[in-house]
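[1] Give me coordinates for this.
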Amino acid sequence: MKYYMEILLYVSAIIGALSLLLIAIFVIITLKSAKQTIGEVSETLKRVETKLGGITEKSEQLMEKTNRIAEDAENKLQSLNSLSDSAKNLGNSTDHMNKSILAISEEVAVPPEKYRDLMEKATVLTETAARIYYRFQKEKRHSEWEEKDSIPKRLPAPQSKNRS
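    Model (predicted):
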């Protein structure tokens, strides 16, 4: 029995050693698999980091464009405000000019007493000059028509017909 016990003891030691060897082998396989997985994760992280770098760069460019567009829109809005102010000032100028023209037309329509007699004489003189001018023009046109009518009209020369 002692002999069986010794054999059992050796067999148990061999089984224990084999078990430890198998455990070591599985730990090594697991570590290699973990190392490979960590390598793949590392590669994936590098690709993600590269893509994020590109996205970050594009985002910065987009922000720059957005800022330029916002600045341009602000400038155009300020120009539009200036244009609006100019239109408002133009309206004020038009009102002022209308008032001035109204005042001048009032003065011409109802002149002061000292100029009234002079303006009436100027009006009569202007009307007389206009009548003389238009009468002269009318007579000139009338004489041109008479000259045109006084020229004898000639009939065209007869054309001979060629008969072959």
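
[2] what secondary structure does Gln159 sit in?
    For Gln159, the secondary structure call by DSSP: H, G, I helix; E, B strand; the rest coil comes out as coil.

[3] And for Pro111?
    Using three-state DSSP, the three-state assignment for Pro111 comes out as coil.

[4] Could you count how many residues lie near it?
    For Pro111, the number of neighbouring residues by other CB atoms under 10 Å comes to 14. C-beta here means a position set from N, CA and C on the backbone, and glycine is covered the same way.

[5] my read: it touches Met119, true?
    Yes. If you go by CB atoms under 8 Å, Pro111 and Met119 touch, sitting 5.4 Å apart.

[6] for stretch 89-107, the distance to its chain's centre please.
    Stretch 89-107 has its C-alpha centroid displaced from the chain centroid by 37 Å (CA atoms, centre = their mean, to the nearest Å).

[7] same check, this time on stretch 10-17
    Its chain's C-alpha centre lies 89 Å from the corresponding centre of stretch 10-17 when counted by CA atoms, centre = their mean.

[8] what's the answer for stretch 68-85, then?
    Using CA atoms, centre = their mean, the mean C-alpha position of stretch 68-85 is found 12 Å from that of the whole chain.

[9] now swap in stretch 6-19 and tell me
    For stretch 6-19, the distance between its averaged C-alpha position and the chain's averaged C-alpha position is 90 Å (CA atoms, centre = their mean).

[10] How about it, which residues are buried there?
    Residues of stretch 6-19 classed as buried under the neighbour-count rule (16 or more other CB atoms under 10 Å) do not occur.

[11] pLDDT of that stretch, averaged?
    Mean pLDDT, stretch 6-19: 92.

[12] On the pLDDT front, check Arg141 for me.
    At Arg141 the predicted local distance difference test score is 87.

[13] ok, now Leu62?
    Leu62 is assigned 91 on the pLDDT scale.

[14] And for Asn67?
    Per-residue confidence at Asn67 stands at 93 (pLDDT).

[15] Can you give me the neighbour number for it?
    Around Asn67 there are 10 other residues, counting by other CB under 10 Å.

[16] Which SSE is immediately downstream of whichever strand or helix holds Ala24?
    Under the assignment given by DSSP states H and E, the secondary-structure element containing Ala24 is helix 2-109. Using DSSP H and E, the next helix or strand after helix 2-109 towards the C-terminus is helix 113-150.
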